[in-house]
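J.: Model the following, please.
(one chain, ligands or ions: 1)
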Amino acid sequence: MDDVIVFGSLNMDLVVNMERLPIQGETINGTDLSRFPGGKGANQAVGIARLGLNSFMVGRVGNDDFGKNLFNSLANENVDVSGISQDILESTGTAIIYVDSNGDNTIVAVYGSNMKCGSREIDFTIEKKPDSDLLMLQNEIPAITSIDIATRWSELGGRIIWDPAPASEKHLPLLNVCDFVTPNEVEVSSLSNTRVTNIESAKKACMEIASIGTAVPIIKLGGQGVVYMDGSKVIHQPAFKVNVLDTVAAGDAFNAGFATALNEGKNLPDSVRFGCGVGALATMKRGAQSAMPYREEVERFLETRVS
Ligand code: RIB
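T.: The predicted structure follows:
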């Protein structure tokens with residue numbers, strides 16, 4: 001029951017670095033253009049594998065160079081790729097990412113083959129159930145597919161961590177099927193009426209989300225840490241201070257760390273703290289999958305921090 005299954009997206013990330021983001025109608029100089037393997041699902045799968053668990057990726061790429069590239073790089077990262085298939089009609093998902101000199105980012109993704117995930121991927125995942133307890137979902141595949149697999153997985157007694165990214169109203173029924181929901185401060189607006197701008201408003205949103213569905217809310221606030229429900233208590237885990245280079249996939253890194261710790265039997269506060277450590281380390285490197293830290297780095301980092 002040790003395997004973790006990530007059912008979700010694979011994207012090729014085309015990353016442009018720039019001093020500051022352009023305003024509407026403006027042309028500016030980029031300082032660098034790079035290509036990185038990404039996709040919220042695949043990023044989480046690599047994060048989990050680097051932390052030492054058996055990681056399975058279920059998803060779909062296109063019949064093109066990006067797809068082959070993503071498949072091979074995941075296999076090289078020790079992720080089990082037997083649940084990834086190739087769609088002959090659609091292009092591989094691609095994301096255009098702007099990163100400014102503070103490391104902040106904006107992303108526009110064209111999901112392509114990710115949006116063809118359906119019964120083939122669901123059947124594969126259900127077959128894997130006897131070997132695994134934990135399933136991870138995000139919002140970069142069709143909502144109907146996510147809701148279907150989540151319902152069946154939970155009927156079989158498995159746990160689910162749902163990252164509602166990017167925000168999508170269609171995925172909302174997942175709030176009553178999943179065990180944990182991990183929005184960032186922007187995505188939280190799709191789940192609650194409270195506008196999250198600081199720790200206090202995050203606490204309010206947390207209680208509101210907990211009162212709507214079954215999923216335990218864990219709100220990611222970047223440099224302000226994480227606010228989450230533990231039973232009837234709302235807890236704030238401060239962020240670890242690091243030199244931020246690039247925040248792309250920091251949320252995915254948190255999810256990978258949180259899932260790993262939870263799957264290893266750690267309690268909720270320790271799992272959140274472990275996730276924060278993984279997320280912080282990911283902001284110190286460039287790229288998405290390439291930024292995921294290894295187990296030893298995380299353990300060494302957390303040993304030196306008190307909070
Ligand atoms: O969370 C970061 C990811 O979001 C990127 O890798 C990009 O592919 C988008 O899906």
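J.: What is the burial count for residue 2?
T.: 11 (other Cβ atoms under 10 Å). C-beta: built from backbone N, CA, C; applies to glycine.
J.: Now do the contacts for it.
T.: 53-54, 131-132, 263 (Cβ atoms under 8 Å, 6 or more residues apart in numbering).
J.: can you tell me how far it sits from residue 78?
T.: 14 Å (Cβ to Cβ, to the nearest Å).
J.: Just give the nearest non-adjacent residue to the residue positioned nearest the centre of the chain, would you?
T.: In the chain, the residue lying closest to the centroid (Cα atoms, centre = their mean) is residue 252, at 3.1 Å. Among residues not flanking residue 252 along the chain, residue 43 sits closest, at 3.8 Å (Cβ to Cβ, 6 or more residues apart in numbering).
J.: residue ranges of the strands in the stretch 51-200 of the chain, please?
T.: For the stretch 51-200 of the chain, applying DSSP state E, counting those that start in this stretch gives strands covering 55-62, 79-87, 93-99, 105-110, 132-137, 159-162, 180-181.
J.: From the contact counts, what lies against the fourth one?
T.: For strand 105-110, the contact count by 3 or more Cβ pairs under 8 Å, 6 or more residues apart in numbering; DSSP states H and E identifies strand 93-99 as packing neighbours.
J.: Restricting to C-alpha, output the strand it packs on in CSV.
T.: Presented in CSV, the C-alpha positions along strand 93-99 are these (Å, rounded to 0.1, in the frame of the first residue of the first chain):
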residue,chain,number,x,y,z
GLY,A,93,0.0,20.2,-23.1
THR,A,94,2.2,23.3,-23.2
ALA,A,95,2.5,26.1,-20.7
ILE,A,96,4.0,29.6,-21.3
ILE,A,97,5.4,30.9,-18.1
TYR,A,98,6.7,34.4,-17.2
VAL,A,99,9.0,34.7,-14.2
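J.: Can you give the strand pairings for that strand, parallel or anti for each?
T.: Strand 93-99 has its sheet partners listed here by DSSP bridges as strand 11-17 (parallel), strand 105-110 (antiparallel).
J.: pLDDT score for whichever residue of the chain sits closest to the ligand?
T.: As assessed by Cβ to the nearest ligand atom, the ligand sits closest to residue 38 within the chain, at 2.5 Å. At residue 38, the model reports a pLDDT of 98.
J.: That one: neighbouring residues, count only.
T.: 31.
J.: What residues does it make contact with?
T.: 10-13, 95, 97, 248-249, 287-289.
J.: same thing with residue 141?
T.: By Cβ under 8 Å, 6+ apart, the neighbours of residue 141 are 7-9, 41, 59, 111, 114-115, 117.
J.: try 10 Å
T.: 7-9, 39-41, 58-60, 93, 111, 113-118, 121, 149, 171 (Cβ atoms under 10 Å, 6 or more residues apart in numbering).
J.: Of those, which count as buried by neighbour count?
T.: Buried members of the contacts of residue 141, scored by 16 or more other Cβ atoms under 10 Å, are 7-9, 39-41, 58-60, 93, 111, 113-117, 121, 149, 171.
J.: count of residues packed around the residue nearest to residue 252?
T.: Using other Cβ under 10 Å, residue 43 has 34 neighbouring residues.
J.: Please identify the most buried of the strands paired with strand 93-99.
T.: strand 11-17 (a mean of 21; mean count of other Cβ atoms under 10 Å).
J.: a markdown table please, covering the strands paired with strand 93-99 and showing mean pLDDT.
T.: Listed next are the strands paired with strand 93-99 as a markdown table, based on pLDDT from 0 to 100:
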| stretch | mean pLDDT |
| --- | --- |
| strand 11-17 | 97 |
| strand 105-110 | 95 |
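J.: Need these in TSV (columns: distance to the ligand).
T.: Output for the strands paired with strand 93-99, formatted as TSV (distance: least, Cβ to the nearest ligand atom, whole Å):
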stretch	distance to the ligand
strand 11-17	3
strand 105-110	5
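J.: Return the residues of this structure in contact with the ligand.
T.: 9, 11, 13, 38-40, 43, 95, 107, 109, 140, 248-249, 251-252, 288 (Cβ under 6 Å from any ligand atom).
J.: Low-confidence ranges, this structure, go.
T.: The chain contains residues with pLDDT under 70 at 1, 307.
J.: Appreciated, that's everything.
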